[in-house]
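*Asks:* Here's my sequence, what's the structure:
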Amino acid sequence: QQRQREDQQKQQAERQQPGQTADGKRIEIAANINRPDQAAAALEAGAEGVGLMRTEFLFLERDAAPDEEEQLKTYLAMQQALQGRPLIVRALDIGGDKQVPYLNLPHEDNPFLGMRGARLLLSRRELLEPQLRALYRAAKAGKPLSIMFPMISSLKEITRLKGLCEGVRKELDAPPVPIGIMVEVPAAALLADQFAPYVDFFSIGTNDLTQYALAMDRQHPELAAEADSLHPAVLRLIRQTVQGAAAHQRWVGVCGGAGDPQGAAVLAGLGVDELSMSPHDIAAVKATLRRHSHARLRELAEQALACDSAEEVRQLLEALA
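*Replies:* Modelled structure (predicted):
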C-alpha cells in the first residue's frame, strides 16, 4: 500500500509531462469530456487536449434539441477553455444505449444494430445541419477544431457527410477543418485503407468495436466481463486500422478503453498515435508509457496479437506492472 501511494504521488507529480515512451516516441494523451466546465480539470490532470467531446450530452435530459446558437456557445466555450489545444468534437451519437425521448425514434428490437450514429444523422438532417453550422461557425474563431462522425461502416456514408460539411462550410465562408471517423464497426477497421484517402484521421471506439467483433453486448450482465477490449481479435482490427491509415499518412487515436495503463501500452505498441481517456486515468497511463521503450511495446503488441484469448494477453502484460 505504501509503494502504491508513492507510485501515485510520483505519477501525479509528473502528470504534466508530455505523453511519450522511454525513448521519446510521442503518444498524445487527451481527455474524453462532455462539457466546457470539465476542461480545466482535464488539463490539470495532464490532458494535452480533448480527443472526444461527446455532444450527445447537449441533447440529453431536456425536452427539445439545442438550437444552433446554444451549440455554438458551447463549442466556443470549449475552445476558450482549451486555450489553443486540440479539440475533437464527435457529432451527435444517439441510438443504441443512448435514447432521447423527444426525438421519437421508432422502437427497435436491436437498437445496437439499428439507427444510430451516422445512420441516424443522415436520416435526420434537422439534427445534423444545425450542429454542423454551429461547429463551422466556431471554427471561424481560429482555434483548433476537428469533427468526427460515429458509427461509420461505408464509404458512401463518409462521402455524404463530407458533402454536407462542405456545403455548410461554403455557405458560412468558414475555414476547412479536419474530418475524421470513429472506427467502431469491424467493417471500418477492415476497410481502413480504402477509407483513409477520404478522411483526415481515425478514432477507434474500442468499447463498441469489441462488442461488435465478439457479438457480445457490453452491458449484458453475464457477458460484460467477457467483452474485453484486449481480445486478440480486437487488437488485430486495431492493427489493421493503423496499417490502413499509415498507408495514406493518416493518424489514429483511440477514445474508448484507452485509460487502462496496460491496454494503453499495447495500443502504443500497435502504432496508435493518440490516446484519449477519462482525465483521472491520464497520470497512470503517462507513467506506464514513460517506463518502456517503443521497441519494447511493439514487441509486446506482436506477442499479444499471437495470443488466443484476452486472458492470455492480460497475463502477458502483467510484466508491465
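*Asks:* and the nearest residue to Gly19 once chain neighbours are set aside, what element?
*Replies:* Using Cβ to Cβ, 6 or more residues apart in numbering and skipping the chain neighbours, the partner closest in space to Gly19 is Ile29 (3.6 Å). C-beta here means a position set from N, CA and C on the backbone, and glycine is covered the same way. Element membership for Ile29 (DSSP states H and E) is strand 28-33.
*Asks:* In terms of secondary structure, what does that strand contact?
*Replies:* Counting contacts by 3 or more Cβ pairs under 8 Å, 6 or more residues apart in numbering; DSSP states H and E, strand 28-33 packs against helix 39-44, strand 50-54, strand 251-256, strand 274-277, helix 282-290.
*Asks:* For these, could you give me JSON lines that also reports distance to Phe112 and mean neighbour count?
*Replies:* Formatted as JSON lines, these follow (distance: least, Cβ to Cβ, whole Å; neighbours: other Cβ atoms under 10 Å):
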{"stretch": "helix 39-44", "distance to Phe112": "29", "mean neighbour count": "18"}
{"stretch": "strand 50-54", "distance to Phe112": "17", "mean neighbour count": "26"}
{"stretch": "strand 251-256", "distance to Phe112": "15", "mean neighbour count": "24"}
{"stretch": "strand 274-277", "distance to Phe112": "22", "mean neighbour count": "26"}
{"stretch": "helix 282-290", "distance to Phe112": "28", "mean neighbour count": "22"}
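*Asks:* Between the ones you listed, which one is closest to Ala265.
*Replies:* Comparison of the helices and strands packed on strand 28-33 against Ala265 by Cβ to Cβ identifies helix 282-290 as nearest, at 5.5 Å.
*Asks:* possible to save the helices and strands packed on strand 28-33 as a markdown table with mean pLDDT?
*Replies:* Compiled in a markdown table, those are given as follows (pLDDT from 0 to 100):
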| stretch | mean pLDDT |
| --- | --- |
| helix 39-44 | 98 |
| strand 50-54 | 98 |
| strand 251-256 | 94 |
| strand 274-277 | 98 |
| helix 282-290 | 96 |
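*Asks:* Please name the bridge partners of Ile204.
*Replies:* Val183, Val254 (DSSP bridges).
*Asks:* is it true that Leu120 touches Ala91?
*Replies:* No: contact criterion Cβ atoms under 8 Å: Leu120 and Ala91 do not qualify, at 10.0 Å.
*Asks:* ok, residues contacting the strand holding Ile29?
*Replies:* 19, 39, 42, 45-54, 86, 88, 253, 255, 273-279, 282, 285-286 (Cβ atoms under 8 Å, 6 or more residues apart in numbering).
*Asks:* Walk me through which strands it pairs with, and which way each runs.
*Replies:* Note on strand 28-33: by DSSP bridges, its sheet partners are strand 50-54 (parallel), strand 274-277 (parallel).
*Asks:* got the end-to-end distance for stretch 300-311?
*Replies:* Stretch 300-311 stretches 15 Å from its first residue to its last (Cα to Cα, to the nearest Å).
*Asks:* For the stretch 201-321 of the chain, which segments count as helices?
*Replies:* Counting by DSSP state H, counting those that start in this stretch, the segments of the stretch 201-321 of the chain that form helices are 206-214, 232-246, 261-269, 282-290, 294-305, 310-317.
*Asks:* Name the residues of stretch 215-234 that are buried.
*Replies:* 216-218, 227-232, 234 (16 or more other Cβ atoms under 10 Å).
*Asks:* quick revisit: nearest approach to Leu172 belongs to which of the helices of the stretch 201-321 of the chain?
*Replies:* Judged by Cβ to Cβ, the one of the helices of the stretch 201-321 of the chain that comes nearest to Leu172 is helix 232-246, at 29.2 Å.
*Asks:* for the closest one, the distance to its chain's centre please.
*Replies:* 15 Å (Cα atoms, centre = their mean, to the nearest Å).
*Asks:* That helix to helix 310-317, inter-axis angle?
*Replies:* 70 degrees (axes from the mean of the first three to the mean of the last three Cα atoms, to 10 degrees).
*Asks:* With just CA atoms, put helix 232-246 into PDB.
*Replies:* Extracted in PDB, the C-alpha atoms of helix 232-246 (Å, rounded to 0.1, in the frame of the first residue of the first chain):
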ATOM      1  CA  PRO A 232      -6.700 -10.600 -29.800                       C
ATOM      2  CA  ALA A 233      -9.400 -10.300 -32.500                       C
ATOM      3  CA  VAL A 234     -10.000  -6.700 -31.400                       C
ATOM      4  CA  LEU A 235      -6.200  -6.000 -31.300                       C
ATOM      5  CA  ARG A 236      -5.900  -7.300 -34.900                       C
ATOM      6  CA  LEU A 237      -8.700  -5.000 -36.000                       C
ATOM      7  CA  ILE A 238      -6.900  -2.100 -34.400                       C
ATOM      8  CA  ARG A 239      -3.600  -3.100 -36.100                       C
ATOM      9  CA  GLN A 240      -5.400  -3.300 -39.500                       C
ATOM     10  CA  THR A 241      -6.800   0.200 -38.900                       C
ATOM     11  CA  VAL A 242      -3.300   1.600 -38.100                       C
ATOM     12  CA  GLN A 243      -1.800  -0.100 -41.100                       C
ATOM     13  CA  GLY A 244      -4.600   1.200 -43.400                       C
ATOM     14  CA  ALA A 245      -4.200   4.700 -42.000                       C
ATOM     15  CA  ALA A 246      -0.400   4.700 -42.300                       C
END
